[in-house]
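Q: coordinates only, sequence not included:
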């Protein structure tokens, strides 16, 4: 939403660059972005929600 107010370009997960002009919730999600987002997972590799690391 800040990009719409500032006029700052944003980059989508699929690589598309644009300057949003309205509330992004009013637009459908790009199918390619949705697929990439879902394939990323939660980022929780060790089951406790914190960053990994050697113990």
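A: Nice, thanks for sending it over. Since this is a predicted model, take the numbers as computed values, not measurements.
Q: Would you map the strands across this protein?
A: 10-11, 17-18 (DSSP state E).
Q: Dump the ones you listed into TSV; add distance to residue 36 as well.
A: All C-beta atoms are positioned from the backbone trio N, CA, C, and that covers glycine. Output for these, formatted as TSV (distance: least, CB to CB, whole Å):
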stretch	distance to residue 36
strand 10-11	12
strand 17-18	15
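Q: State the distance from the residue nearest the centre of the chain to residue 30.
A: What sits nearest the mean C-alpha location of the chain, by CA atoms, centre = their mean, is residue 13, with 6.1 Å. According to CB to CB, to the nearest Å, residue 13 and residue 30 sit 8 Å apart.
Q: Pull the residues that contact stretch 11-23.
A: When contacts are defined by CB atoms under 8 Å, 6 or more residues apart in numbering, stretch 11-23 is touched by residues 1, 3-4, 7-10, 30, 32-33, 36-37.
Q: Let me have those in a markdown table, extended by neighbour count and pLDDT.
A: Shown next, in a markdown table, are those (neighbours: other CB atoms under 10 Å; pLDDT from 0 to 100):
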| residue | neighbour count | pLDDT |
| --- | --- | --- |
| 1 | 10 | 66 |
| 3 | 14 | 72 |
| 4 | 14 | 70 |
| 7 | 9 | 80 |
| 8 | 10 | 86 |
| 9 | 10 | 88 |
| 10 | 13 | 86 |
| 30 | 14 | 90 |
| 32 | 13 | 95 |
| 33 | 14 | 92 |
| 36 | 14 | 93 |
| 37 | 13 | 92 |
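Q: what's the spacing between the nearest residue to residue 32 once chain neighbours are set aside and residue 5?
A: Residue nearest to residue 32 in three dimensions, not counting chain neighbours: residue 14, with 4.2 Å by CB to CB, 6 or more residues apart in numbering. According to CB to CB, residue 14 and residue 5 sit 23 Å apart.
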